[in-house]
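1. With the input below, show me the fold.
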Amino acid sequence: MSPALLDTDVLSLYLRKGDIAIVDHCRRYIQRHGRLTLSILTYYEVLSGLRYRDARKQLDGFRRFVARNTVLPLTERSAALAAERYGQLRQRGTPVDDIDLLIAGIALEHDLVLVTRNRRHFERIEGLTLADWSEPETSGDAP
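-> As a prediction, this is how the structure comes out:
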């Protein structure tokens, strides 16, 4: 299992226990790597959604989750990598939204596999390695 960065869609399903395959992949990943990794942008997306819904119990649970795992910051380098990909995609006429590009920049900076179910957007980003943990795992193919 390669080091990985969870996208917001996958993290949300894991936290809600909304997809058995994702929960199983995350458990195996934690056994191997000790913790999950998310970006500050995913942190923002989850936190803002919980605050919007005034979900206090889930907010407390999310804070406990974050304390046990790793949140990677947006840096100058990750922003530059995202901006480079933005330029490439705009020139091709296939832009990707800013938050997805910034998450990709963080994954690229740290050489992490991006775990997402949103392949449609992310597969256009040059140099980014993707995995979809909602797909059943076969031996040897888990990042």
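
2. Tell me, how many residues neighbour residue 53?
-> Other residues lying near residue 53 total 10 when counted by other Cβ atoms under 10 Å. (C-beta placed from N, C-alpha, C; glycine too.)

3. what do you get for residue 128?
-> Number of residues near residue 128 (other Cβ under 10 Å) recorded here: 19.

4. do residue 21 as well
-> For residue 21, the tally of surrounding residues (other Cβ under 10 Å) stands at 14.

5. Just after the least confident helix or strand in the chain by mean pLDDT, pick out the following helix or strand.
-> Lowest by mean pLDDT, DSSP states H and E among the helices and strands of the chain is helix 119-122, with a mean of 89. Using DSSP states H and E, the helix or strand that directly follows helix 119-122 along the chain is strand 130-131.

6. what packs against that next one?
-> Applying 3 or more Cβ pairs under 8 Å, 6 or more residues apart in numbering; DSSP states H and E, we find strand 130-131 packed against strand 113-115.

7. I'd assumed residue 38 was in contact with residue 73.
-> No. If you go by Cβ atoms under 8 Å, residue 73 and residue 38 don't touch, sitting 11.2 Å apart.
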